[in-house]
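Asks: fold the following and give me the result.
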Amino acid sequence: MIGRWLGNRTKRIQRTGPLAAVHTPPSAGVLSCRVLDPVSEPVPHAELAVSDAMGRKVVVGGTDPYGSFVAAVPAGEYRLAVSAEGYTPYRAIATVTEDSLASLGDVTLQPAQPPQLPAVGDWEIEPAHSSIGFTARHIGLARVHGRFNSFAGVVRIADDVERSAMHVVIDAASIDTNVRMRDDHLRSADFLDVERYPTLEFYSDRFSHRGGNRWAVTGALSLHGVTRTVTLDTEYFGLGNGIEGEVRAACRATTELHRDDFTVSWQTMLARGIAVVGPSIGIDLDVQIVPKG
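Replies: Predicted coordinates for the structure are as follows:
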């Protein structure tokens, strides 16, 4: 039977219906549900995670275009977590028995309250609790992970948050991939050419709310003497307090850059074995901002 878990309503397992005839391996049963929004419309692509009594994930998947989810699992007790962008997560407990259907029926998700936005005014990036990282392909096989260790930025929050602005400056020479020879080469004229272009800069005055805690921050990125429009896919986590009680806001943002867009198109192999870097680079930012003093 479906029990209470983290405040959700108790439901009974239904073992009738067409899914009861689904063939399952020995000692297995079928777990199913349909995910709906508050007006009973299906929620496609909702994410579901089924974990066993030890907390180990057994099945991870998503709903189909009709909001349905079906999975065959070994007999036992499971915790089911349902999540979707803009909705409060739903959790339940189900017991699956051999050669039977354990159905939660219709699971209705409730809209999530968006996190509180920063107050109007100037905020600055706090480097100690922020990071600017990147990932690139190396010879088309392994991934190279790196970061910039020195950067600064200011965000000006407007009355209408979508009219806010930000300016970030990154010290190009602070690139760090934990391999000195590679870092020296990345600083050279083959790549960032830090002597001619000592900084990377990003300026934006286009903050677009995509729903829930998702935002798009679109602006101009200047790198290697070239400026291109870049959009950061941003997840805003809300407000919190630091160790000393100071207010801070946090977010995570990602985007993908193409080296040729910024004329960083070195395509040779060096005698010392430093190999070609792939054409695209993933950017990952974890940022905390505090009111500017």
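
Asks: strands along the stretch 51-200 of the chain, start to end?
Replies: With DSSP state E, counting those that start in this stretch as the criterion, the stretch 51-200 of the chain has strands at 57-62, 68-74, 76-83, 90-96, 101-108, 121-125, 131-138, 142-148, 151-157, 165-171, 175-176, 199-211.

Asks: who's in contact with the closest residue to residue 211 other than its chain neighbours?
Replies: Nearest non-adjacent residue to residue 211, counting by C-beta to C-beta, 6 or more residues apart in numbering: residue 86, 5.2 Å away. Every C-beta, even on glycine, is put in place using the N, C-alpha and C of the backbone. For residue 86, the contact set (C-beta atoms under 8 Å, 6 or more residues apart in numbering) comprises 111, 112, 211, 212.

Asks: and residue 169, how far is that from residue 153?
Replies: Going from residue 169 to residue 153 by C-beta to C-beta, to the nearest Å gives 7 Å.

Asks: same question for residue 58.
Replies: 42 Å.

Asks: check residue 49 too.
Replies: If you measure residue 49 against residue 153 using C-beta to C-beta, the figure is 35 Å.

Asks: right, and residue 216 touches residue 231 too?
Replies: Yes - counting by C-beta atoms under 8 Å, residue 216 does reach residue 231; the two are 5.4 Å apart.

Asks: rewinding a little: so if I had to pick from residue 49 and residue 153, which one is more boxed in?
Replies: Between residue 49 and residue 153, residue 153 has the larger neighbour count (other C-beta atoms under 10 Å), namely 22 against 16.

Asks: what's the closest non-adjacent residue to that one?
Replies: The nearest residue in space to residue 153 (C-beta to C-beta, 6+ apart) is residue 168, at 3.6 Å.

Asks: next: residue 146.
Replies: In space, residue 146 is closest to residue 177, 3.8 Å off (C-beta to C-beta, 6+ apart).

Asks: about what we covered before: what about the strands of the stretch 51-200 of the chain, which gets the closest to residue 280?
Replies: Closest to residue 280 of the strands of the stretch 51-200 of the chain is strand 131-138 (C-beta to C-beta; 7.7 Å).

Asks: what sits against the spatially closest residue to residue 165 that is not a sequence neighbour?
Replies: Excluding the flanking residues, the one nearest residue 165 by C-beta to C-beta, 6+ apart is residue 205, at 4.1 Å. For residue 205, the contact set (C-beta under 8 Å, 6+ apart) comprises 163, 164, 165, 219.
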